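Asker: heads up, no residue letters with this:
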């Protein structure tokens, strides 16, 4: 589990609902994925860009990913850019709640 108290699944649920009032937290769209990756400092527009995420996301041929699909997406993205899945996962778990960028914020579980 992440230092901030949320594991990847809880963060997935939080970010899937970010700026999407219709989301029930079970699937996530590319906009939310990109915001999450940007907040976690994975998208840096150098090593990892929104073009990379778009290419990897589109391999699923759907508009929204389930949690399992998201994990597969993250593995594919890491392989695509020469990154490390475990490092990406840790950054995603520790980036704070959606819309925050401060590490160490107090976070709540649902």
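Answerer: The structure has been received and is ready for your questions. Note that the structure is a prediction, hence the values are computed from the model and not measured.
Asker: quick one: contacts for residue 20?
Answerer: 29, 31-32 (C-beta atoms under 8 Å, 6 or more residues apart in numbering). C-beta: built from backbone N, CA, C; applies to glycine.
Asker: Quick one: low-confidence residue ranges for the protein.
Answerer: 1-5, 101-110 (pLDDT under 70).
Asker: In it, where's the longest helix?
Answerer: Ranked by number of residues, the top helix in the chain under DSSP state H is helix 67-81.
Asker: In the helix or strand following that one, which residues are buried?
Answerer: Under the assignment DSSP states H and E, the closest C-terminal helix or strand after helix 67-81 is helix 85-94. By neighbour count with 16 or more other C-beta atoms under 10 Å, helix 85-94 contains the buried residues 88-89, 91-94.
Asker: before we move on, what about stretch 55-67?
Answerer: Those would be 56-57, 64-65, 67, for stretch 55-67 by 16+ other C-beta under 10 Å.
Asker: what does stretch 67-81 give?
Answerer: Buried, per 16+ other C-beta under 10 Å, within stretch 67-81: 67, 69-71, 73-74, 76-78, 81.
Asker: coming back round to it: how far does the longest helix of the chain sit from the chain's center?
Answerer: From the chain centre to the centre of helix 67-81 is a distance of 10 Å (C-alpha atoms, centre = their mean, to the nearest Å).
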